[in-house]
Every structure is written in structure tokens, then in C-alpha cells.
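J.: using only what follows, build the 3D model:
(4 chains)
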Number of protein chains: 2
Amino acid sequence: MSTASLVFSGKGPVAEATGDRVRAAASELGFTGPNPLASSLRHGRSGAIGVLVEGRLRMAFRDPFAIAVLDGLAEVLEAVPTGMLLIGQPAGTSESVIPQLAPLALDAVVFSLCGPGDNPAVEHLAARGIPMFSTGVPGDRRITQVRIDERAAGVAVAEHIRELGHRRVAHVAMPLLPTSTAGPVPDAEVRPGEANVPSVGRLLGFRDVFGPDAPAVQTGDGSSFEGGRIAGRALLDVPEQERPTAIVTQSDVIAAGVIVAAEELGLRVPDDLSVTGFDGVDLPWLPHRITTMDQQGREKGRLLGTLVRRRLDGTRPRSVTQPVLLRVGTTTAPPP
Amino acid sequence: MSTASLVFSGKGPVAEATGDRVRAAASELGFTGPNPLASSLRHGRSGAIGVLVEGRLRMAFRDPFAIAVLDGLAEVLEAVPTGMLLIGQPAGTSESVIPQLAPLALDAVVFSLCGPGDNPAVEHLAARGIPMFSTGVPGDRRITQVRIDERAAGVAVAEHIRELGHRRVAHVAMPLLPTSTAGPVPDAEVRPGEANVPSVGRLLGFRDVFGPDAPAVQTGDGSSFEGGRIAGRALLDVPEQERPTAIVTQSDVIAAGVIVAAEELGLRVPDDLSVTGFDGVDLPWLPHRITTMDQQGREKGRLLGTLVRRRLDGTRPRSVTQPVLLRVGTTTAPPP
DNA sequence: GTTTCGAGTCGAATCGATTCGAAGACGTCC
DNA sequence: GGACGTCTTCGAATCGATTCGACTCGAAAC
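T.: As a prediction, the model looks like this:
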């Protein structure tokens, strides 16, 4: 019955009596509301946006910044209401995401838990005409971005350290390429044209201040505590005169790893070593407030959600660049 | 064209030439494969299962055990392929989940990030005939469960502590009810009939060993580091002769909070204080291996995923109870 | 030469809600 | 009484893939 549709959607004019009759029949037949699939087919909207997660879920969700972004996103989308469909993309099998993506009805896709590098999903989604959003990577032009000026942010943190008087300063980066392995950053991987990639841009900013020869290592697994600890140990477990007096890292979680590594070697933070992070996340278990660039992840996620909504409402929002704020904590001080 | 369907699905017999012709026409018209919505409507399957998340996403995702379960679940579902649709259910507005759920096409729903208490979503989903799964709560009979014997597990941890010689032992529980607030556990909230609720069952097991008067406090916010730290401070910041020599907690994250609180008060773990956790998760930033009941979250998630798949294949799997394993770490020792 | 068989193709019905336009009921005004 | 309007209701078409059954045609069997 077509009138039933009017009754349930509450749209068309329906006489009181007819409405009651329809509702009675509905409960009689155990009808629990319109079938979402049929409704979606008609409207061409599924009410779900995809969230692409690179690597194992547990790894991606270990990054509190990514969670904060997702949290803000959920906050905005809940109101629509639109669900978030998690799509795992195990590392090393990037092509396999296509058959996984193809049968899914998505109104938009957000890349918020993805690393650097090209993603085959972009091509597929572009062909299907599904709007794409990201927080920096992948940097494809077809993707609406909510980004920050990574290089300028990198410069700002480095300047803070420089102004405190530090001269022997090292850098701990997230992987510059998807294929990067833990250890010193090879020059070939630092491509100035890719300054929009967070790991590359932040490193470039650091080198803008401390010169192209300032030591830099990268973790092999993104923004991780263990990666930070290993990198920290490598940089700090050397004779004192070679040891850096400050370490600039690309994420708060990495910074936490470096701080713990320093304390394990008997160094005090910030007296013997200054450490900076990036992101501005909350690490309640760390007995320091990290000096960091606050990216306001939740706010970023909310903005992302707003752009998605606008796009689904028909307008075509442009990429935006958000400001970041240096937040000085208890992990930086003048050199000893 | 009906033949096109055969070509794309690769099911029916199609002549080579026709197949090529269809593919040519498809790429001509920019056809990127069958419309998932229409396909879903026909099959009555959406290819998505719902994951209900209670409270803000960032809070739920702060629990590494929940993440581990989700990770195992994703691992199994990726292969089908089936996506996981995150559905937020902000605390205090539990009814508002219905209009959010109603327009979503879901093949099944997993409650894995939910607290104790009744959930209005259960009634709605049951009416729609959507299969439900959970890891203990809600305990509705219509939900297929993958649970553990909470009370027996609680007994096992407590016995370990008792056998080490501890007599003054306190307990830190997760909230026993959705409305519980941080502080001492009121007797009215401990209902023996609810032993399947993790927080209740574990506390009952603890009291089976240490008696009904053993002190117990609960956090106000589930399994959280801050909750553990606050509870730890409350229990430990007292004259030495009243201070417990061991604290049994209901999660590793809470245990970590208690340990940090103890160290902040100048107590050494395990020399001055033994602490046990629950779950068996990996906390790389903690310089201890917590003595814990290993629930093998990832394995649990994988099993959950397998049950979901079976259910979607037509069989009707029964609830299962999994074994747990006491894993002794570096946080328990005889009393001083 | 006729029948039988099977591979390949296509038309039509189906999934269930939505929407457009037509038709019916009823009232008012000339 | 007839023309015209408004308020409701309903039939039919639509969204796009899938599937069942019917149909065609050529080859093999008798």
C-alpha cells in the first residue's frame, strides 16, 4: 500500500482514521517499519560512510589522535543519522581492498587512519563517484582535505626548541613511505614535493630550522609507543658528548616512547633532555604534559563530519587548512 | 540487461563474445559494477553488521580489550566480506539509539563495547529479527553469547593472591550498574543473579574467597586508567596498618591506574603492594607485566566473527563459554 | 529427415519503499 | 444542477540487480 508509506514517513496528508487503520494492520502483521534496503535503493543513499583503516584495527586504534578524529566525526554524523562503516585494509595487500569495497553501498569515504602512499581504493571510489575526504593522506586532488600546514608546524616546534638554546637536536619521524623501515631516514625518502604528507612535511620543517644534516630516524610502524622507545634508545644510548639535548618527534605517542626510553637510561626529562610531541592528545598514564603542536583531533573530526554532511546536501566544499597551536608542557627546558 | 548480471557475477553460462561485448559496453557507459544497494535489496543482505558502542567513541576505544575483540572480529569478517558499522549510543540517551538504528540495514549486531544494564536496542532488533551477539552484556536470552565464567575467573585470581599469603585485600570493580558512581560498592548493587555481568561476577568471585566484607570500590567510568588511579589513591592513601597489601582489579587498565597511584605514593609494586588485572591486554608503556586473567580478546573476537558467519549461513549457533587462563606477571608477590 | 538435447540469450517478475499523477469524495458558489 | 476546489486515497511506474522460465539455434543421435 502506498498510503502506508505516507503514514510511516509522516509526509503526505493522511486522515486520522486511515492512519490508525494502517498502524493497526502494521502491528498485526509484525511490520517493524520500512525496509531500510528498499528505502535506500529508492533514495540512492545508504546512510553509511566508509572509514578506511590501514593495517590491523588494533594498530590503527592504538593511535589516540586517530580515535579523537573519529570521535568528532561520529559526533556530527550521529545527528544525521549516518553510520560509520569500518573497512580494514591489511598492510601489504592493498589491492585486496577493492573486492571488499565494491559490494558496499557508501555515501562517502573518509581516509583518516591511513598512512602515506597511493591507495588503490582512491581510483575505485573516484570511478564510482563516491565523495572522498581525508586529513592529509592520500593527497589526491579528488579528495576533500582537512589539513594543517605540516611544514610550518614542524618549523614552529623546532623554533621553540632552538629558542630554548638547544643545538644538538634529533628528530623521530613516522614512516616517510609505506615501505619505510625503522632506522635513519634515507635522503631519497625526503621529497620536498610531498610536504603535505605529515611525516615528510614535519621533517622538512624540522630541517628548515636545524639544517639538512640534523639526525633523523623513523619508526617502522607509524605513530607507536614501541617505535618511539626503540628510536629513543638508539638516539640516546651513546656517549654523552654525542647525545642530543633535545628530541623533536612527530607524535605524542612517539614522544612518550622516547621519554620512557630516556628515563630507562637514567636521563631526566626535561632537565637532561627536552622532548616534543605532535597532535595534542591526552595520555593520562604519562606523568608529564608533553610540549606539543595541538591539532585538536576532535575538532578536526567534527569539521570533517560537517564537510561530509554539506557534500551530501549537494554543495561541494573545498579543502581547508586548519591552524595549529604550540602548547608548551613540562617536557621542554633549556639544555643542561 | 539480464545477461550483464551473469557476466559480472560470473555465474551463468555466457559465450566469450557476448561477455566481451557486455564488458565493452559497460566501460563505455562508465559502469563500475552492480549497484550494491539494488543487489542487497534482492538478496536481503546488506553486507554490514552493526557494532554498538556505548558512550563516546573515544572512551570505548580507550579500552584495549574491546579493541582486541573488534580486531579479531574484523579479521574474520574481512574474508566474507562484511563491513562493521559503528553505532554510537551516547550514555544517558539510550532511547535515542532506536531512530538511529531503524533506517540501517544490518545483517547482525554485536554488542561488544557496551556496559551493563538493559539496552533498548535489544527489543528493537529482536522485533526486526536481526541476530544479536555479545560478549556477556546485555545478558538477554535472544543474544548469542561468547562469554567466560566471570565468577570462577574472579575466584581464580583471588585464590592466587590468597595463596601468596595476603589477608588485607581490596577490590576495584568496573561500574556494577549503568548508573553507578565512583566510590565504595553499595551492597544493593551486588546482585548474585547477575553473575554473568562481568563487573558483578568478578566481584562475587572475589568475595567468595575473601568474604562478603572485603572492601570494594568501583570506578565511575568503566575500564579506565583514571578510574583506577583515583580508586587506587583512595584505597592506599591511608595509615599503613589499614592499607591493603594487595588489590584485585577487574581490568588491566584499571590495574595500571592502581599501580601508578601506588608508585606516586612511594609504594613499590610488587614488594609493598601486589596488584592484579583482568583481560590480558598489552600495555607497552607500563614497566610491569601485570598478573592477569587472560581472556584472549582477539581470539574471542575471531570466535564471535565465526559465530556471526555461521548464523548468516543459516545455522543457529549456541552461546559458548570460553576458558580463561591465569597469567602470573611481575605485579604479585608475597606480602611484605 | 526428424527428434532430442543443451548451451546461450532474453523477457518478465521480484525484492519493498517511494513518488507522481489521476481519480474519487465532498463542499461551495454561481 | 453544474463547474470548480480541496482533501484523501490509490494505482502504476521507478530505483537496479537478480533469477526463473521460456525461447532460439545449432549439433548430435536415431
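J.: the one helix or strand residue A:261 maps to and chain B, are they touching?
T.: Taking DSSP states H and E as the criterion, residue A:261 maps to helix A:252-264. Yes - residues of helix A:252-264 are located near chain B by CB under 8 Å from any CB of the partner chain, namely A:256-257, A:260. From N, CA and C alone the C-beta is placed, and that goes for glycine too.
J.: quickly note the distance from residue A:305 to chain B.
T.: 12 Å (CB to the nearest CB, to the nearest Å).
J.: residue A:325 too?
T.: Counting by CB to the nearest CB, the gap from residue A:325 to chain B is 20 Å.
J.: look up phi and psi at the nearest residue to that residue once chain neighbours are set aside.
T.: The shortest distance from residue A:325 to any non-neighbouring residue, by CB to CB, 6 or more residues apart in numbering or on different chains, is to residue A:294 (4.7 Å). When read as degrees, to the nearest 10, the backbone of residue A:294 gives phi -80, psi 120.
J.: quick one: residue A:294 from residue A:257, how far?
T.: 20 Å (CB to CB, to the nearest Å).
J.: ok, the two, which is more surrounded?
T.: Applying other CB atoms under 10 Å in any protein chain shown to residue A:294 and residue A:257 shows that residue A:257 carries more neighbours, namely 28 against 18.
J.: distance of the residue nearest to the more buried one when sequence neighbours are not counted relative to residue B:290?
T.: Setting aside the residues directly before and after it, residue A:257 is nearest to residue A:228 in space (CB to CB, 6+ apart), at 2.3 Å. Separation of residue A:228 from residue B:290 (CB to CB) stands at 21 Å.
J.: name the nearest residue to the single nearest residue of the stretch 151-300 of chain A relative to DNA strand D, sequence neighbours excluded.
T.: Nearest residue of the stretch 151-300 of chain A to DNA strand D: residue A:178, at 32.9 Å (CB to the nearest atom of the strand). In space, and not counting its chain neighbours, residue A:178 is closest to residue A:117: 3.8 Å by CB to CB, 6+ apart.
J.: am I right that residue A:144 sits in a strand?
T.: Yes - counting by DSSP: H, G, I helix; E, B strand; the rest coil, residue A:144 is part of a strand.
J.: who's in contact with it?
T.: Residue A:144 makes contacts with A:131-134, A:307, A:311, A:317-319, as judged by CB atoms under 8 Å, 6 or more residues apart in numbering or on different chains.
J.: do that again at 10 Å, thanks
T.: A:108, A:110, A:131-134, A:304, A:307-308, A:310-311, A:316-320 (CB atoms under 10 Å, 6 or more residues apart in numbering or on different chains).
J.: out of those residues, who has the most neighbours?
T.: Of the contacts of residue A:144, with other CB under 10 Å as the count, residue A:110 tops at 29 neighbours.
J.: quickly find the element holding residue A:72.
T.: Judged by DSSP H and E, residue A:72 forms part of helix A:64-78.
J.: rewinding a little: out of residue A:228 and residue B:290, which sits in the more crowded spot?
T.: residue A:228 (31 against 28).
J.: correct me, but residue A:87 touches residue A:121?
T.: Yes - assessed by CB atoms under 10 Å, residue A:87 is found in contact with residue A:121 at 8.3 Å.
J.: show me what the helix or strand bottoming out on mean pLDDT in chain A is packed up against.
T.: Ranking every helix and strand in chain A by mean pLDDT, DSSP states H and E puts helix A:57-60 at the bottom, with a mean of 82. Packing contacts for helix A:57-60, counted by 3 or more CB pairs under 10 Å, 6 or more residues apart in numbering or on different chains; DSSP states H and E, involve strand A:48-54, helix A:64-78, strand A:83-89, strand A:108-113, helix B:64-78, helix B:297-312.
J.: nearest to DNA strand C: which residue in chain A?
T.: For chain A, CB to the nearest atom of the strand, closest residue to DNA strand C: residue A:2, 2.9 Å.
J.: contact partners for that residue?
T.: Per CB under 10 Å, 6+ apart, neighbours of residue A:2: residue A:12.
J.: cool, and residue A:111?
T.: A:50-54, A:89, A:119, A:121-122, A:125, A:132-138, A:140, A:143, A:145.
J.: can you do 6 Å?
T.: By CB atoms under 6 Å, 6 or more residues apart in numbering or on different chains, the residues touching residue A:111 are A:52, A:134.
J.: and the pLDDT at it?
T.: pLDDT, residue A:111: 92.
J.: and for residue A:179, the neighbour number?
T.: 10.
J.: where does it fall, secondary structure wise?
T.: Residue A:179 belongs to no helix or strand, assigned by DSSP H and E.
J.: give the contact list for it.
T.: By CB under 6 Å, 6+ apart, residue A:179 has no neighbours at all.
J.: for it, grab phi and psi.
T.: Backbone torsions for residue A:179, taken as degrees, to the nearest 10, come to phi -90, psi 0.
J.: what's near enough to touch residue A:157?
T.: Residue A:157 neighbours (CB under 6 Å, 6+ apart): A:248, A:276, A:293.
J.: should've said residue A:306
T.: By CB under 6 Å, 6+ apart, residue A:306 lies in contact with residue A:76.
J.: test my guess that residue A:245 contacts residue A:335.
T.: Yes - counting by CB atoms under 6 Å, residue A:245 touches residue A:335, with 4.0 Å between them.
J.: all set now, cheers.
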